[in-house]
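**Student:** Need a 3D model of the following:
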Amino acid sequence: MANVKTYQTQTVNIPQNFPAQQQPQQPGSQQEMAPKPVTDNPNYKGSGKMKDLVAIITGGDSGIGQAVAAAFAKEGANIVIAYYSEQEDASETVRMVESAGRQCIAIKCDLKKEESAAQVVNETIKKFGRLDVLVNNIAVQFPQNSIEDITTEQLYNTFETNIISYFFMTRAALPHMKEGGSIINTTSVTAYKGNPTLIDYSSTKGAVVSFTRSLALSLAQRGIRVNAVAPGPVWTPLIPSTMDGQTVQNFGKDVPLGRAAQPFEIAPTYVYLACDDSAYVTGQVLHVNGGTIVES
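**Tutor:** A predicted model of the protein is given here:
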């Protein structure tokens, strides 16, 4: 930690660089990262923009998902998170939501399976009786130097996690969503600029963009908005669990702002898309990427 430089925003002092580190497998543990991702802005004050709404956030145990859960709770929402395996991280999300005075349930499941989507939605309705916001956020990535190194097993895993789960969750959620509801999908800057070692990952994120635009058109007459967020580099467990130490040390330094984002810096974009501030916004992708210019 002594070698970690910090960057001072207007309100928060945040890590600017990262020591070399690796974790053995995805999804990775946020608790074992050094420094830990900053998922809560202590100076963020909610104003009731999501009062008594209910939101499902997939991958809500850590990283962007945890930051979104914390911000939604501060705006008055009750939260359901779906997570794969990291119990300690999921418990921290529950603690953060409850510290904001809201309720949170954490559901351990594998969203590559269609029945898991039904389970998450059914438990949400049983607990809260409503569903207003769906955040499709889970993802995996497996860097490979060549398409020839991408196994069939990896290909299916990446697509089933990063886009097919979004179909499953949306189909399960829609019967319970009413006019004014919001669906928010997490895509990536790689959908627009590509990445030579993340061919399958980038392909799924491009699919998320098309899914968002087409679904928005399909649901417009029902008054349900569909949008996406395309982050650039963000310090989450996905990074040390998929990259070597040297890559981790240089992570995020190639964007114009010269650093990776912390998850809390991404979360307000999701708040905007979830609440009535964006009531006239659908089918759009908002880019939060440190200054990378992309054609959308």
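**Student:** Flag every buried residue along the host helix or strand of Phe159.
**Tutor:** Phe159 belongs to helix 152-159 when assigned by DSSP states H and E. Neighbour counts over helix 152-159 (16 or more other Cβ atoms under 10 Å) mark 155, 157-159 as buried. For the C-beta atoms, the positions are set from N, CA and C on the backbone; glycine is no exception.
**Student:** Distance to Leu273 added to these, as JSON lines?
**Tutor:** Below are the buried residues of helix 152-159 laid out as JSON lines (distance: Cβ to Cβ, whole Å):
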{"residue": "Leu155", "distance to Leu273": "30"}
{"residue": "Asn157", "distance to Leu273": "28"}
{"residue": "Thr158", "distance to Leu273": "25"}
{"residue": "Phe159", "distance to Leu273": "24"}
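**Student:** Between the residues you listed, which sits nearest Pro24?
**Tutor:** Using Cβ to Cβ, Asn157 comes nearest to Pro24 of these, at 16.6 Å.
**Student:** Quick check: closest non-adjacent residue to the closest one.
**Tutor:** Val140 (6.4 Å; Cβ to Cβ, 6 or more residues apart in numbering).
**Student:** show me the contacts for the one you found.
**Tutor:** 26-27, 157-158, 161-162, 201, 238 (Cβ atoms under 8 Å, 6 or more residues apart in numbering).
**Student:** and the helix or strand that the helix holding Phe159 is followed by, what's its mean pLDDT?
**Tutor:** Using DSSP H and E, the helix or strand that follows helix 152-159 in sequence is helix 165-173. Helix 165-173 shows a mean pLDDT of 98.
**Student:** by how many degrees do the helix holding Phe159 and helix 165-173 diverge?
**Tutor:** Per axes from the mean of the first three to the mean of the last three Cα atoms, to 10 degrees, the angle that helix 152-159 makes with helix 165-173 is 50 degrees.
**Student:** which helices and strands sit right next to helix 152-159?
**Tutor:** Counting contacts by 3 or more Cβ pairs under 8 Å, 6 or more residues apart in numbering; DSSP states H and E, helix 152-159 is packed against helix 199-219.
**Student:** what's the angle between the helix it packs on and helix 152-159?
**Tutor:** Using the same axes, to 10 degrees, helix 199-219 lies at 40 degrees relative to helix 152-159.
**Student:** Show residues contacting whichever helix or strand comes after helix 199-219.
**Tutor:** Moving toward the C-terminus from helix 199-219, the next helix or strand (DSSP H and E) is strand 225-231. Residues outside strand 225-231 that contact it (Cβ under 8 Å, 6+ apart): 64, 181-189, 191-192, 205, 208-209, 212, 215-216, 219, 261, 266, 269-270, 273, 278-279, 281-289, 294.
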